[in-house]
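**Student:** My questions are about this predicted structure, shown below with the sequence.
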Amino acid sequence: MPHPPLPTDPHSYAQPQEVSVHHLALELTVDFAARVLRGTATWQLTHSAPTATELVLDTRGLHVERVTVNDSPDGVAFTLGPEDPVLGRALCIPLSPAATAVSIHYQTAPAAAALQWLSPEQTAGRQHPFLFTQSQAILARTWLPCQDSPGVRFTYEAQVQVPAHLLALMSAENPQERDANGRYHFRMQQPIPAYLMALAVGDVQFQALSPRTGVYAEPATLLVAATEFEDLENMVAAAEELYGPYRWGRYDLLVLPPSFPFGGMENPRLTFVTPTILAGDKSLTSLVAHELAHSWSGNLVTNATWNDFWLNEGFTVYFERRIMERLYGRPYADMLQVLGHTSLHHTLQELGSESPDTHLHLNLAGRDPDEGLNDIAYEKGDYLLLTLEHLVGRQVLDTFIKEYFARHSFRSMDTAAFVQYLRQELLSHYPGLEEKLQLDAWIYGPGIPAIAPPVSSERFAAVDAAVHSWQGGTPAAELTTPGWSSHEWVHFLHGLPARLPKARLAELDAAFGFTNSGNSEILAAWFPHTITAGYTPANEALHHFLTRVGRRKFLTPLYRALLATPGGPERAQSIYAQARPNYHAVASVTFDALLGHPAEQAGVTRSQ
């Protein structure tokens with residue numbers, strides 16, 4: 001089946017249909033004192049239109065010093081377009097038909113949104129600084145002049161100079177030991193889009209978990225992380241059994257400091273993960289399964305634009321739960337499905353059941369794509385695939401998905417092309433199936449179609465019984481809870497009444513030690529109850545959590561809960577003033593808007 005032209009990306013100035021990039025040679029120096037990257041990006045070009053006269057790249061906040069074409073030492077007269085607060089500025093470079101490469105000499109801004117520069121005090125070891133990037137969705141342009149669209153793929157190599165006592169890592173072939181001179185060479189032979197460009201520099205060490213998997217972390221965290229992720233090779237093998245060979249060579253994890261704004265980021269060959277999943281019992285490693293699944297859905301077959309984000313995340317959530325089922329059994333995976341289903345319905349309530357933002361295919365033109373990166377893409381996308389499984393059976397759906405990944409490897413996919421492929425390769429074989437599935441309602445309509453099958457969990461049924469028993473008068477200490485996973489505890493906390501007296505919270509705390517839990521998922525489910533009730537014994541732990549952890553998923557509900565209490569806005573503002581320097585820009589711009597921080601009025605926009 002031929003690949004039709006990709007739709008125009010509304011979040012990129014690039015014109016790949018005229019001239020596109022296909023290989024990057026990057027030279028960077030990491031300057032912690034100035035908090036900037038300095039260097040040269042040399043792009044190899046493909047002239048898609050013979051009459052094209054310029055290369056257009058995306059930039060945001062970059063200081064472009066000089067541009068050269070081919071091997072000429074002479075600079076060319078480039079132009080920067082008008083600035084958009086979300087999209088940045090177009091870098092336009094004049095070209096002749098003979099131009100095969102351009103080199104951009106540049107440096108980043110100290111406040112580049114993709115980069116987080118951490119002081120030693122913000123790391124686990126508290127001795128050395130740390131840098132990491134977060135390029136998704138359209139922040140690669142804040143540290144690299146590039147065609148910042150998921151529909152443009154390129155290979156790359158890089159030379160990165162860092163302080164000699166630190167290790168540099170990228171979304172590429174990585175070193176496992178430090179270089180005495182702090183100079184590192186990287187190579188990524190598989191083509192990737194710009195949002196999967198990643199760099200991290202810090203006092204990290206490596207521990208192998210299998211011949212092709214391992215973990216990087218700060219020394220204080222490495223042993224705990226290696227124990228938590230010891231099943232990583234089994235995860236990769238389970239994924240391969242389901243949907244075909246892993247195509248990226250190694251699969252390693254980097255455990256970042258707590259300020260990382262997400263659970264994980266699927267940078268090829270090196271997934272970035274939050275330390276908040278180090279629960280001590282492997283109960284939160286479904287997040288790793290999710291990022292691993294992106295090695296197929298997202299990294300191998302990529303959404304063409306951010307309007308098609310569900311093609312990355314819906315497949316990945318479905319795949320993640322299939323991996324977890326294979327490793328830990330169907331009852332375990334059912335818990336994840338119910339938690340996701342609950343989260344989906346909360347999001348539907350927040351957005352409104354008729355909101356166009358509850359469609360799978362979005363229209364984000366003129367908006368920051370971050371606005372579309374919510375549970376609709378993840379959980380409604382998964383629910384569509386779960387419904388397909390319900391209608392055609394697992395074996396048929398697995399065959400379809402495996403072939404889909406194989407046939408479209410290292411390509412981008414938009415929603416219209418996927419619908420055409422689904423109809424041709426699956427739905428057409430079953431007369432009446434598309435009508436029963438209500439495909440258009442799933443993709444182009446709001447809410448959840450009625451055909452969606454119910455989800456349930458036998459393990460959660462026991463949790464629900466415990467909640468009911470406690471509300472009926474059974475003391476908390478007498479509830480049957482031994483062996484509960486993090487998911488069961490979170491479900492228990494979510495199942496409690498929204499407003500509980502302080503005395504009832506004290507009883508739960510005495511029985512189960514929620515306030516002093518080292519499990520971030522449990523704390524994030526517990527604190528809304530303590531905030532609402534004014535349960536002061538949790539105040540210190542809440543303050544520590546908000547000022548230490550940067551994961552946006554956890555913090556946004558907690559700040560909202562604080563804002564809804566008497567005196568809460570002042571308290572939230574006070575905590576945020578202390579915590580804000582610890583947050584990545586991806587998180588702080590969200591909280592600036594939520595809390596009315598002055599940076600929002602200064603023109604800072606929400607960014608992914």
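**Tutor:** Everything's here; your move.
**Student:** When you work out contacts or count neighbours from here on, use the C-alpha atoms and nothing else.
**Tutor:** Will do.
**Student:** Could you pull up the residues touching the closest residue to Gln136 other than its chain neighbours?
**Tutor:** Leaving aside its chain neighbours, Gln136 sits nearest to Tyr195 (4.7 Å; criterion: CA to CA, 6 or more residues apart in numbering). Tyr195 is in contact with Ser135, Gln136, Ala137, Ile138, Leu139, Ala140, Asp148, Ser149, Pro150, counting by CA atoms under 8 Å, 6 or more residues apart in numbering.
**Student:** Including secondary structure, pLDDT and distance to Gly432, could those residues go into a markdown table?
**Tutor:** Converted to a markdown table, the contacts of Tyr195 look like this (DSSP: H, G, I helix; E, B strand; the rest coil; pLDDT from 0 to 100; distance: CA to CA, whole Å):
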| residue | secondary structure | pLDDT | distance to Gly432 |
| --- | --- | --- | --- |
| Ser135 | coil | 97 | 42 |
| Gln136 | coil | 96 | 39 |
| Ala137 | coil | 95 | 38 |
| Ile138 | coil | 97 | 40 |
| Leu139 | coil | 97 | 43 |
| Ala140 | helix | 98 | 44 |
| Asp148 | coil | 98 | 41 |
| Ser149 | coil | 98 | 37 |
| Pro150 | coil | 98 | 34 |
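**Student:** Which residue, neighbours along the chain excluded, lies closest to the residue nearest to the spatial centre of the chain?
**Tutor:** The centre of the chain sits closest to Met265, judged by CA atoms, centre = their mean, with a distance of 4.2 Å. Spatial nearest neighbour of Met265, excluding adjacent residues (CA to CA, 6+ apart): Phe272 at 5.1 Å.
**Student:** List the buried residues of the top helix by length along the chain.
**Tutor:** In the chain, with assignment by DSSP state H, the single longest helix is helix 330-351. Residues 332-341, 344-345, 347-348 are the ones in helix 330-351 that count as buried (16 or more other CA atoms under 10 Å).
**Student:** just stretch 26-38 next, same as before
**Tutor:** So for stretch 26-38, counting by 16+ other CA under 10 Å, buried means Leu26, Glu27, Leu28, Thr29, Val30, Phe32, Arg35, Val36, Leu37, Arg38.
**Student:** ok so, going back, roughly how far does the residue nearest to Met265 sit from Met170?
**Tutor:** 10 Å (CA to CA, to the nearest Å).
**Student:** residue ranges of the helices in the stretch 301-450 of the chain, please?
**Tutor:** Listed in chain order, the helices of the stretch 301-450 of the chain (DSSP state H, counting those that start in this stretch) span 309-328, 330-351, 375, 381-392, 394-407, 415-425, 433-437, 439-444.
**Student:** mean pLDDT lowest for which of the ones you listed?
**Tutor:** Mean pLDDT per stretch puts helix 375 lowest among these, at a mean of 92.
**Student:** Contact partners for Ala587?
**Tutor:** The neighbourhood of Ala587, defined by CA under 8 Å, 6+ apart, consists of Pro261, Gly550, Arg551, Arg552.
**Student:** got a winner among those residues for most neighbours?
**Tutor:** Highest neighbour count within the contacts of Ala587: Gly550, with 27 neighbours (other CA atoms under 10 Å).
**Student:** so the closest residue to that residue other than its chain neighbours is in which element?
**Tutor:** Spatial nearest neighbour of Gly550, excluding adjacent residues (CA to CA, 6+ apart): Ser259 at 3.9 Å. Under DSSP states H and E, no helix or strand contains Ser259.
**Student:** picking that back up, okay if I get the contacts of Ala587 as CSV plus pLDDT?
**Tutor:** Below are the contacts of Ala587 laid out as CSV (pLDDT from 0 to 100):
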residue, pLDDT
Pro261, 86
Gly550, 91
Arg551, 92
Arg552, 90
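**Student:** out of the residues you listed, who's nearest Ser283?
**Tutor:** Of all those, Ser283 sits closest to Arg551, with 17.9 Å by CA to CA.
**Student:** what separates the closest one from Thr274, distance-wise?
**Tutor:** 8 Å.
**Student:** still on that earlier bit, did I read that right, the residue nearest to Gln136 in a strand?
**Tutor:** No: with DSSP: H, G, I helix; E, B strand; the rest coil as the criterion, Tyr195 is helix rather than part of a strand.
**Student:** Could you report the pLDDT at it?
**Tutor:** For Tyr195, pLDDT reads 98.
**Student:** Pretty sure Gln107 sits against Arg38.
**Tutor:** Yes: assessed by CA atoms under 8 Å, Gln107 is found in contact with Arg38 at 4.3 Å.
**Student:** Now for the nearest residue to Leu45 once chain neighbours are set aside: which residues touch it?
**Tutor:** Counting by CA to CA, 6+ apart, Leu45 lies nearest to Val21, which is 4.6 Å off, once chain neighbours are set aside. Shown in contact with Val21 (CA under 8 Å, 6+ apart): Trp43, Gln44, Leu45, Thr46, Gln147, Val152, Arg153, Phe154.
**Student:** and Val21, helix, strand or coil?
**Tutor:** strand.
**Student:** Just the closest of the contacts of Ala587 to Thr68, please.
**Tutor:** Pro261 (36.5 Å).
**Student:** Quick check, that closest one in contact with Val589.
**Tutor:** No: counting by CA under 8 Å, Val589 is not a contact partner of Pro261; they are 11.3 Å apart.
**Student:** neighbours around Met117, how many?
**Tutor:** In this structure residue 117 is Trp, not Met. Neighbour tally, Trp117, other CA under 10 Å: 23.
**Student:** Wasn't it part of a strand?
**Tutor:** Yes: counting by three-state DSSP, Trp117 is located in a strand.
**Student:** Spatially nearest residue to it (excluding sequence neighbours)?
**Tutor:** Leu131 (4.7 Å).
**Student:** Wait, a strand at the one you found?
**Tutor:** Yes: the assignment for Leu131 (three-state DSSP) places it in a strand.
**Student:** Can I get the contacts of Ala587 in TSV including distance to Val255?
**Tutor:** Conversion of the contacts of Ala587 to TSV gives the following (distance: CA to CA, whole Å):
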residue	distance to Val255
Pro261	13
Gly550	14
Arg551	13
Arg552	17
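**Student:** okay, the residues you listed in TSV with distance to Ala180 and secondary structure next?
**Tutor:** What follows is those, written out as TSV (distance: CA to CA, whole Å; DSSP: H, G, I helix; E, B strand; the rest coil):
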residue	distance to Ala180	secondary structure
Pro261	31	coil
Gly550	32	coil
Arg551	34	coil
Arg552	36	helix
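**Student:** Which of those residues sits closest to Gln15?
**Tutor:** Taking those together and measuring to Gln15 by CA to CA, the closest member is Pro261, at 31.0 Å.
**Student:** Leu166 is in contact with Gly182, correct?
**Tutor:** Yes: with contacts counted by CA under 8 Å, Gly182 reaches Leu166, the gap being 6.9 Å.
**Student:** Looking at those two, which has the bigger crowd around it?
**Tutor:** Each of Gly182 and Leu166 has its neighbours counted (other CA under 10 Å); Leu166 has more, 21 against 15.
**Student:** how far away is the more buried one from Pro191?
**Tutor:** From Leu166 to Pro191 the distance is 28 Å (CA to CA).
**Student:** just Thr399 next, same as before
**Tutor:** Counting by CA to CA, the gap from Thr399 to Pro191 is 25 Å.
**Student:** Looking at the two, which is more packed in?
**Tutor:** Pro191 (17 against 13).
**Student:** OK, contacts around that one?
**Tutor:** Taking CA under 8 Å, 6+ apart as the definition, contacts of Pro191 comprise His22, Arg153, Phe154, Thr155, Tyr156, Phe410.
**Student:** Same check on Ser456?
**Tutor:** Asp334, Met335, Gln337, Val338.
**Student:** Mind picking the two most distant members of those residues?
**Tutor:** Asp334 and Val338 (6.2 Å).
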